[in-house]
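Asker: Here is a sequence together with a model predicted from it:
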Amino acid sequence: MLDNARWTKELEMLAGIISKQPLDKTIKWGGEVFTYNGKNVVSYGGFKNFFTLWFFNGVFLKDKYKVLVAADSKTKSLRQWRFTAIDLIDEKKITSYIKEAIEVEKQGLKIKPEKFKPLPVPSILVKEFKKSVRLKDSFKKLSPGKQKEYIIYINEARQEQTKLARLEKIKPMIVQGVGLNDKYKK
């Protein structure tokens, strides 16, 4: 969760360095994002224990100073440069990373999305399909994404009793042709 109030001076300094570059400033996700030809390049923010610059396609940067980290295990392209004190801000180094990030955008480098791989249908659901052709046909009519939501929902349960309870919950939803998380997507 962002904590920009704690790092006011530090973030102003980062914003000042970024603003010297040929980037357009816009607001996305409630924060300043700097773009080049409409492509996200760099942003910044404060967290509880550090403040950071993040490069949206940072995976392609050479990282000459070995300062970039992936924000989490799911992050494919974004890389962060984390700071814990104002005296760690080095304008020359930051500027070189930003210029390289702009070049990455000029070259159009992108990580290609992974090809969708369907998940195996849990045996508990396969057993229900044998009892109800209507349920099986309804499941087949769902989009691959909706099928995946249901499969993950059942597989995440550790206990058999929980799996059975979840199965009973989702059967009418599958027959109605709705996704598990549709009510949150409006």
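Answerer: Cool, the structure landed. Numbering: from 1, shown residues only.

Asker: in what helix or strand does the most centrally placed residue in the chain lie?
Answerer: Closest to where the C-alpha atoms of the chain average out (Cα atoms, centre = their mean) is residue 75, at 6.2 Å. Secondary structure here is read from DSSP states H and E; on that basis residue 75 sits in neither a helix nor a strand.

Asker: For residue 63, list the residues it contacts.
Answerer: Residues touching residue 63, when contacts are defined by Cβ atoms under 8 Å, 6 or more residues apart in numbering, comprise residue 79. To be clear about C-beta, it is placed using only N, CA and C from the backbone, and glycine gets the same treatment.

Asker: Specify the local secondary structure of it.
Answerer: Applying DSSP: H, G, I helix; E, B strand; the rest coil to residue 63 yields a three-state assignment of coil.

Asker: Next one: it from residue 35, what distance?
Answerer: For residue 63, the distance to residue 35 equals 22 Å [Cβ to Cβ, to the nearest Å].

Asker: now swap in residue 142 and tell me
Answerer: Applying Cβ to Cβ, one obtains 36 Å for the distance of residue 142 from residue 35.

Asker: Show me the helices in the protein, by range?
Answerer: When secondary structure is read from DSSP state H, the chain shows helices at 8-19, 91-107, 123-131, 133-141, 144-156, 160-176.

Asker: tell me the mean pLDDT over the second one?
Answerer: Helix 91-107 shows a mean pLDDT of 98 in the predicted model.

Asker: Pull out the buried residues from that helix.
Answerer: Buried residues in helix 91-107, defined by neighbour count with 16 or more other Cβ atoms under 10 Å: 94, 97, 98, 100, 101, 102, 104, 105.

Asker: next one: the third one
Answerer: Residues of helix 123-131 classed as buried under the neighbour-count rule (16+ other Cβ under 10 Å) are 125, 128, 129.
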